[in-house]
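*Asks:* heads up, no residue letters with this:
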């Protein structure tokens, strides 16, 4: 049995080794990932200066996201995150009354990442970067308008690439993004809405 098992074991090890080498990160690689992400704002989203003060609550939202990475080395990459515009519902409580609203936002994020274990099928990474969030189409169910200013802030991320073959990847990622927006109601600055979301993503990727 051993005389048959040993050659098979050697062949299997060689095959696995070549498969692992085939999925390794390499300098000059481009990786495109796309999938769905949950944006989950923190629980305390601030208070607007309307009358005695009006606490704001921003809901979580699923949406389509994508990112493009370029590898300068097998370990170091730069990533640009994009998304289809998200629409977040929010509520403002004024004197015991609840006013509903919604706002669209687009959160492009540029990060530098360090990828561990670049020669393995399972490749974790961490990153840091900057986010610029653009707000549009803000609306309140009230007889006055609302506007959110764009936001710039720190972004942290981490994730794992699971190599399927030399091209295809399954990816999970996690992000924290600092998003604070100065808010205007009826043309007046009424305070800041603190969103500061955690973002959880599941993606499929392809390497060029």
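*Replies:* Alright, I've got the coordinates. Here the structure is a predicted model, which is why all the values come from computation and not from measurement.
*Asks:* and the pLDDT for the nearest residue to residue 194 once chain neighbours are set aside?
*Replies:* With sequence-adjacent residues excluded and distances taken as CB to CB, 6 or more residues apart in numbering, residue 194 is closest to residue 46, at 4.6 Å. In short, each C-beta sits where N, CA and C put it, glycine included. For residue 46, the pLDDT comes out at 93.
*Asks:* how many neighbours does residue 46 have?
*Replies:* 19 (other CB atoms under 10 Å).
*Asks:* would you confirm that it contacts residue 196?
*Replies:* No - in this structure residue 46 lies outside contact range of residue 196 using CB atoms under 8 Å: 9.9 Å.
*Asks:* shared neighbours, the two?
*Replies:* In terms of CB atoms under 8 Å, 6 or more residues apart in numbering, residue 46 and residue 196 are not both contacted by any residue.
*Asks:* check contacts around residue 205.
*Replies:* Counting by CB under 8 Å, 6+ apart, the residues that residue 205 touches are 31-34, 161, 168-171.
*Asks:* which ones among those residues map onto strands?
*Replies:* Using DSSP state E, the subset of the contacts of residue 205 located in strands is 31-34, 161, 168-171.
*Asks:* can you tell me which of those residues is nearest residue 116?
*Replies:* Minimum distance to residue 116 across the ones in strands among the contacts of residue 205 is 10.3 Å, recorded for residue 161 (CB to CB).
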